[in-house]
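> coords please:
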Amino acid sequence: MHRFTCITIIFTPLILCCLALSPPPTTSETRPKVLLLHSYHTSNPWDMSVEQGVLDALADEYYIPDENLAFESFYMDTKRRTSREWKEDAGKMAREAIGRLRPAVVIALDDNCQEYVVRRMNTSGCAFVFAGVNRDPEEYGIITNRENPGGNITGALERERFPESLAFMRRIVPGIKRLAIISDASPTGAPVVQRIKALAPTHGVTVVDSLETDDFTAWKDFVTKIQTRADALAVVVYHTVKDDNGTHVPADKVLAWTTSHSKLPDMGFWPWAVSQGLLCSDAISGYDQGYYVGTITSYILGGQSPGDFPVSAPRTGQPCINQARADELGLAIPAHLTKTAKLFPAMTARSPVSSPPD
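Sure thing, here's the model as predicted:
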């Protein structure tokens with residue numbers, strides 16, 4: 001018999017002052033339910049930013065948790081627990097929760113939710129809105145037409161801003177022509193690496209080498225050998241890496257080692273990666289992803305069909321710079337960039353009290 005980590009269902013209240021504009025009060029039995037289904041865990045920065053965007057969008061449409069809306073979150077914890085067996089069991093528990101709660105809408109975040117939940121319930125009649133999906137949703141068999149999805153599923157794609165991030169880095173480090181790419185071997189990383197490789201030649205950069213691995217020893221070997229072969233390093237995701245004993249290595253430890261042993265300018269694609277220690281990014285906004293799907297969810301609660309909404313990829317970027325990393329690399333940040341970018345003063349992955357757990 002296997003023992004599994006408890007997956008917590010959380011009820012989150014959000015208080016607004018504009019009660020006079022809200023729909024009429026409802027009882028707990030009649031108010032609609034929204035379930036926010038997370039592939040990952042409560043302290044993951046991406047999940048926290050997406051959830052805040054969802055809640056703000058719902059509030060702007062006068063859907064207030066604990067007043068006229070039942071809002072719950074379910075965490076599958078598949079970024080730290082990466083075995084196929086765990087993902088299958090977490091998916092089964094999520095599907096059972098959906099059957100028990102009978103939500104009006106399920107917002108399903110990231111790729112593992114699509115693989116282990118949505119694709120297995122796509123004929124159930126339940127309304128699904130996905131977000132943070134890195135692979136093409138057609139691969140999961142959940143839609144066939146992005147412009148006119150029809151049926152009970154729609155959502156938002158998560159697309160890294162590689163051309164924008166490269167252009168932003170070149171404003172700090174001109175002349176980058178050779179790029180190395182490293183990522184863990186998670187479902188998030190693989191499609192990002194593929195897209196970067198496809199786009200790189202059209203932006204004047206050659207990908208000299210790349211690695212997708214969950215082996216920390218192989219990760220270290222790659223970072224070490226690439227130092228003289230590349231002008232810059234793209235670090236995609238680093239959350240499913242394990243040591244030689246098969247023990248999960250916390251993400252901040254992976255990044256702390258990487259930045260401590262690499263002298264290459266490095267780019268990421270999310271604000272939390274720059275906060276933890278990468279040099280820069282024109283980053284994806286999890287909040288904007290959440291706000292977009294939260295708005296769609298409010299329309300579905302109002303009676304519209306999910307299939308009426310085309311699948312989209314919110315493209316708003318957030319320029320980010322880690323000042324401590326720039327100082328360490330001996331790079332001067334142009335003054336005009338410091339006025340427009342979000343500046344992180346420290347590399348939190350190396351701090352005694354690290355950033356939120358991976």
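
> what residue ranges in this structure score low on pLDDT?
Residue ranges of the chain with pLDDT under 70: 1-29, 352-358.

> List the contacts of the residue nearest to residue 204 when sequence neighbours are not counted.
Closest residue in space to residue 204, ignoring its immediate chain neighbours: residue 177 at 6.7 Å, by C-beta to C-beta, 6 or more residues apart in numbering. Where you see a C-beta, it was placed from the backbone N, CA and C, and this is true even at glycine. Residue 177 makes contact with 204-206, 231, according to C-beta atoms under 8 Å, 6 or more residues apart in numbering.

> quick one: the strands in the stretch 251-358 of the chain?
266-267, 280-284, 317-322, 342-344 (DSSP state E, counting those that start in this stretch).

> Who are the packing partners of the shortest one?
Put plainly, it is strand 266-267. Applying 3 or more C-beta pairs under 8 Å, 6 or more residues apart in numbering; DSSP states H and E, we find strand 266-267 packed against helix 162-172, strand 232-235.

> Give me the residues contacting that strand.
Taking C-beta under 8 Å, 6+ apart as the rule, strand 266-267 contacts 165-166, 168-169, 232-235, 258-259, 278-281, 325.

> out of those residues, who has the most neighbours?
residue 281 (32 neighbours; other C-beta atoms under 10 Å).

> From what I see, that residue and residue 273 are in contact.
Yes. Distance between residue 281 and residue 273: 6.6 Å, which falls inside the contact criterion (C-beta atoms under 8 Å).

> Can you give me the neighbour number for the closest residue in space to residue 261 that isn't next to it in sequence?
Nearest residue to residue 261, sequence neighbours excluded (C-beta to C-beta, 6+ apart): residue 223, at 6.0 Å. Other residues lying near residue 223 total 22 when counted by other C-beta under 10 Å.

> Where does residue 223 sit, in terms of helix or strand?
Element membership for residue 223, per DSSP states H and E: helix 216-225.

> Okay, buried residues for that helix please.
By neighbour count with 16 or more other C-beta atoms under 10 Å, helix 216-225 contains the buried residues 216, 219, 222-223.

> Give me the helices and strands touching that helix, please.
strand 178-183, strand 206-212, helix 251-261.

> can I get those in JSON lines with distance to residue 151?
Formatted as JSON lines, these follow (distance: least, C-beta to C-beta, whole Å):
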{"stretch": "strand 178-183", "distance to residue 151": "32"}
{"stretch": "strand 206-212", "distance to residue 151": "33"}
{"stretch": "helix 251-261", "distance to residue 151": "36"}
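
> So which of the ones you listed is the most surrounded?
Per-stretch averages of neighbours, counted by mean count of other C-beta atoms under 10 Å, single out strand 178-183 among these, with a mean of 24.

> which strands and helices sit next to that one?
helix 189-199, strand 206-212, helix 216-225, strand 232-235.

> ranges for the helices of the protein?
45-60, 84-101, 110-116, 162-172, 189-199, 216-225, 251-261, 271-276, 286-301, 323-329, 335-340 (DSSP state H).

> can you tell which of the ones you listed is closest to residue 73?
Residue 73 lies closest to helix 45-60 among those, at 6.8 Å (C-beta to C-beta).

> Measure how far the closest one is from the centre of its chain, please.
Centroid separation between helix 45-60 and its chain, computed with C-alpha atoms, centre = their mean, to the nearest Å, is 13 Å.

> May I see the buried residues of it?
Buried, per 16+ other C-beta under 10 Å, within helix 45-60: 45-55, 57-59.

> Out of those residues, the closest to residue 86 would be?
For the buried residues of helix 45-60, the nearest to residue 86 is residue 47 (17.5 Å; C-beta to C-beta).
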